[in-house]
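S.K.: Sequence first, predicted model second:
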Amino acid sequence: MNAILKTVSSGAVFDHPEFHDHENVVFARDAETGLSAIIAVHDTALGPALGGCRMWTYAHPGEALTDALRLSRGMTYKNAVAGLPLGGGKAVILADPKTAKTPALMEAFGRHVARLSGTYITAEDVGVSPADMEAVARQTEHVRGTHATGLGDPSPYTALGVFAGIKAAARHVFGSDDLRGRSVSLQGLGNVGRALARHLHEAGARLIVSDIHAPAVERAVAAYGATAVSPGEAHAVTADIFAPCALGAGLNSKTIPELKARIVAGAANNQLHSPQDGAELAARQILYAPDYVINAGGVISIALAKPGMDDGLVREKTLAIGDTLTEIFSRSGTEGRRPEQIADEMAQERLTQHV
């Protein structure tokens with residue numbers, strides 16, 4: 001945590017290339033539980049900032065800050081394009097989720113969320129489970145994705161939206177959204193990737209799967225007849241579609257030249273390492289489904305769900321992600337601009353309307 005404080009004192013937060021006029025960046029510490037966290041609130045023009053809490057082991061605290069800032073801004077755009085009355089925020093907890101996570105630590109995080117008085121609403125993300133959110137909810141009402149706040153785990157809805165987006169991308173590139181016989185390299189078999197694998201298998205796709213957790217790969221091979229590859233080669237295998245569903249920045253100057261897929265459409269946040277990487281995908285005629293558009297199903301579920309409701313409305317709005325992407329792809333072709341540029345413009349237009 002001292003390294004984080006040195007980062008703050010050096011002025012690197014305001015000068016950070018990912019700062020983008022964040023409204024609030026909080027460095028949270030609880031000595032008793034060992035909590036070290038960053039909560040970033042990017043924009044509340046449309047409403048309170050909603051975004052998940054990620055727990056991860058970062059090589060350096062500066063990486064955690066970069067992650068929080070990028071993810072927070074991405075949530076602003078995600079919520080705006082999804083038409084939700086919410087701003088964007090994100091939290092990262094600097095810890096190994098397998099060894100350092102305890103209910104007490106999550107409760108301490110919840111207390112810090114409570115101190116923000118509703119300007120930030122948290123939910124689960126990588127390394128954090130629905131059960132962890134139940135612990136957070138013992139300390140703050142500003143939490144979503146619990147059974148008390150609606151439909152519980154948002155992961156199935158994230159997967160459903162990605163599936164709808166993959167079909168829209170296939171229709172644009174191949175002329176049909178029929179996935180029978182189409183090959184999909186699915187990188188990451190966590191809660192979202194696992195549910196997406198089931199959708200794709202049921203649609204007749206041929207799966208190539210990878211994950212750092214070997215048992216998850218073994219289960220997918222057994223259940224779906226999938227072919228297993230290492231996570232590091234998932235992007236480079238021959239496939240119709242590459243679906244990154246792990247951590248971000250996986251599309252970069254090293255991996256993009258190795259891609260063999262015609263489509264990149266997956267659940268990971270911040271898939272592009274830099275804006276130039278989007279240009280490189282376009283130059284190679286690879287269709288990119290903007291990540292914060294295609295993976296919005298989870299945030300839709302936690303934004304709209306109410307206790308005791310069925311999920312009909314949530315499913316309807318989540319499936320509409322395919323329609324939004326169809327519009328983006330169409331405009332991209334007509335206007336000669338990349339899909340992520342069209343998506344950014346759509347988000348900025350909605351934000352501007354509320355200034």
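M.R.: Happy to help now that I have it. Residues are numbered from 1 along each chain as shown.
S.K.: All the strands of the chain, in order from the start?
M.R.: Remark: strands of the chain, listed N- to C-terminal, are 24-30, 35-43, 49-50, 53-56, 87-94, 120-121, 183-187, 206-210, 227-228, 241-244, 263-264, 287-288; assignment by DSSP state E.
S.K.: Tell me, what's the model's pLDDT at the spatially closest residue to residue 73 that is not a sequence neighbour?
M.R.: Residue nearest to residue 73 in three dimensions, not counting chain neighbours: residue 42, with 4.8 Å by C-beta to C-beta, 6 or more residues apart in numbering. Using the backbone N, CA and C atoms, a C-beta is placed for each residue, glycine as well. Note for residue 42: predicted pLDDT of 98.
S.K.: Which phi and psi values does the residue nearest to residue 82 when sequence neighbours are not counted adopt?
M.R.: Excluding the flanking residues, the one nearest residue 82 by C-beta to C-beta, 6+ apart is residue 296, at 4.4 Å. Backbone torsions of residue 296, given as degrees, to the nearest 10, read phi -80, psi 0.
S.K.: got a markdown table for the strands of the chain, with distance to residue 101 and mean neighbour count too?
M.R.: A markdown table is the format used below for the strands of the chain (distance: least, C-beta to C-beta, whole Å; neighbours: other C-beta atoms under 10 Å):
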| stretch | distance to residue 101 | mean neighbour count |
| --- | --- | --- |
| strand 24-30 | 13 | 17 |
| strand 35-43 | 10 | 25 |
| strand 49-50 | 22 | 28 |
| strand 53-56 | 6 | 24 |
| strand 87-94 | 8 | 29 |
| strand 120-121 | 20 | 28 |
| strand 183-187 | 24 | 26 |
| strand 206-210 | 24 | 24 |
| strand 227-228 | 28 | 16 |
| strand 241-244 | 25 | 28 |
| strand 263-264 | 31 | 24 |
| strand 287-288 | 33 | 23 |
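S.K.: Now tabulate the ones you listed in CSV and tack on distance to residue 327.
M.R.: Written out in CSV, the entries for the strands of the chain read as follows (distance: least, C-beta to C-beta, whole Å):
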stretch, distance to residue 327
strand 24-30, 33
strand 35-43, 23
strand 49-50, 24
strand 53-56, 30
strand 87-94, 21
strand 120-121, 28
strand 183-187, 23
strand 206-210, 28
strand 227-228, 34
strand 241-244, 20
strand 263-264, 17
strand 287-288, 14
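S.K.: re earlier: look at the residue nearest to residue 82 and say how many residues are nearby.
M.R.: The local packing of residue 296 (other C-beta atoms under 10 Å) involves 29 other residues.
S.K.: Residue 86 versus that one, what's the distance?
M.R.: 11 Å (C-beta to C-beta, to the nearest Å).
S.K.: Mutual contacts of the two, please.
M.R.: Counting by C-beta atoms under 8 Å, 6 or more residues apart in numbering, the common neighbours of residue 296 and residue 86 are residue 79.
S.K.: closest one to residue 313 among the strands of the chain?
M.R.: Closest approach to residue 313 among the strands of the chain is made by strand 49-50 (17.3 Å; C-beta to C-beta).
S.K.: Tell me which residues are up against the closest one.
M.R.: The contact list for strand 49-50, computed with C-beta under 8 Å, 6+ apart, reads 23, 41-43, 72, 75-76, 79, 84, 86-89, 119-121, 123, 144, 299, 302-303.
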